[in-house]
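Enquirer: Here is a sequence with its predicted model. Questions after.
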Amino acid sequence: MELKELYRGCRSYRRFLQKPVDKDIIIDAVDNARIASSARNAQNLRYIAVMDPDNVKALHPCMHYAGSFPKETGMPKEDEQPVAFIVLIEKEGSGAFIDVDAGIAANMIVNTLYEKGVGSCILGAVNFKEVKEILSIEENDTPRLVIALGYPSHTSTIVEPSEDGSVMYYLDEEKNYCVPKRNFEDIVSFK
């Protein structure tokens with residue numbers, strides 16, 4: 001898969017087939033995040049790959065998906081839920097650029113997963129206090145993002161913005177995601 005194709009296909013996926021993801025795929029994804037750039041090369045992120053079905057089930061109520069949709073449309077139903085999660089954790093004293101590091105790491109993870117046919121959704125609307133308790137995360141460490149993952153049961157496609165310029169994503173008649181992206185000419189200038 002060429003990089004351009006990967007970036008156009010790697011969208012957020014929120015409904016999944018109930019098929020386990022091979023541990024080696026998750027290892028590759030986190031390993032790519034491990035070697036990614038980080039501010040001062042401090043490498044202050046840690047990761048928990050949650051694959052045990054009981055732990056995955058316990059985490060699901062902590063997640064809030066597709067905030068632009070009503071809950072009954074945005075939340076995956078029981079037979080659509082992610083089959084695994086990757087939790088990105090900030091070590092105590094990580095510094096001012098940890099959000100940048102988390103964004104870089106999350107991007108590495110989701111792109112690696114997508115290259116292997118696995119869909120994902122980066123979640124920041126999470127009950128992190130509950131996640132911390134469920135996973136017994138050290139008291140001074142802070143979960144920053146959660147990546148839900150599995151094999152997608154829907155598509156997520158880039159489309160043109162609506163006539164009024166809205167870039168609000170929406171579901172089509174088959175409940176596939178349509179994700180409007182602004183035109184290149186509207187967001188880039190050369191000087």
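Expert: Yep, that arrived.
Enquirer: Pull out the buried positions in the lowest-mean-pLDDT helix or strand in the chain.
Expert: One helix or strand of the chain scores below all others by mean pLDDT, DSSP states H and E: helix 71-74, with a mean of 76. Within helix 71-74, no residue counts as buried by 16 or more other C-beta atoms under 10 Å. Where C-beta positions appear, they are placed from N, C-alpha and C, glycine not excepted.
Enquirer: so how far is it off the chain centroid?
Expert: 18 Å (C-alpha atoms, centre = their mean, to the nearest Å).
Enquirer: what's that helix in contact with?
Expert: 14, 65-68, 171 (C-beta atoms under 8 Å, 6 or more residues apart in numbering).
Enquirer: rerun at 6 Å
Expert: By C-beta atoms under 6 Å, 6 or more residues apart in numbering, the surrounding residues in contact with helix 71-74 are 65-66.
Enquirer: following it, which helix or strand shows up next?
Expert: strand 84-90 (DSSP states H and E).
Enquirer: Within its sheet, name the partner strands of that following strand and how each one runs.
Expert: Applying DSSP bridges, strand 84-90 is found paired with strand 45-50 (antiparallel), strand 142-150 (antiparallel).
Enquirer: what's the last one in contact with?
Expert: Which is strand 142-150. Contacts for strand 142-150 (C-beta under 6 Å, 6+ apart): 16, 82-90, 102, 106, 109, 113, 118, 120-124, 126, 128, 131-132.
Enquirer: Would you list the buried entries among the residues you listed?
Expert: 16, 82-90, 102, 106, 109, 113, 118, 120-123, 126, 128, 131-132.
Enquirer: taking the strands paired with strand 84-90 together, which one is wrapped up most tightly?
Expert: strand 142-150 (a mean of 24; mean count of other C-beta atoms under 10 Å).
Enquirer: to the chain's geometric centre, what's the distance from that strand?
Expert: 6 Å.
Enquirer: Could I get the strands paired with strand 84-90 in CSV, plus columns for mean pLDDT and distance to Cys178?
Expert: Shown next, in CSV, are those (pLDDT from 0 to 100; distance: least, C-beta to C-beta, whole Å):
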stretch, mean pLDDT, distance to Cys178
strand 45-50, 98, 30
strand 142-150, 97, 20
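Enquirer: quick one: which of those is nearest Gly95?
Expert: strand 45-50 (11.6 Å; C-beta to C-beta).
Enquirer: Show the average pLDDT along the helix or strand just after that closest one.
Expert: Toward the C-terminus, strand 45-50 is succeeded by helix 53-59 as the next helix or strand (DSSP H and E). Mean pLDDT, helix 53-59: 97.
Enquirer: which residues touch helix 53-59?
Expert: Against helix 53-59 from outside (C-beta under 6 Å, 6+ apart): 50, 85, 134.
Enquirer: Show me where the protein dips below the pLDDT cut-off.
Expert: For the chain, applying pLDDT under 70 flags no range at all.
Enquirer: Okay then, goodbye and thanks.
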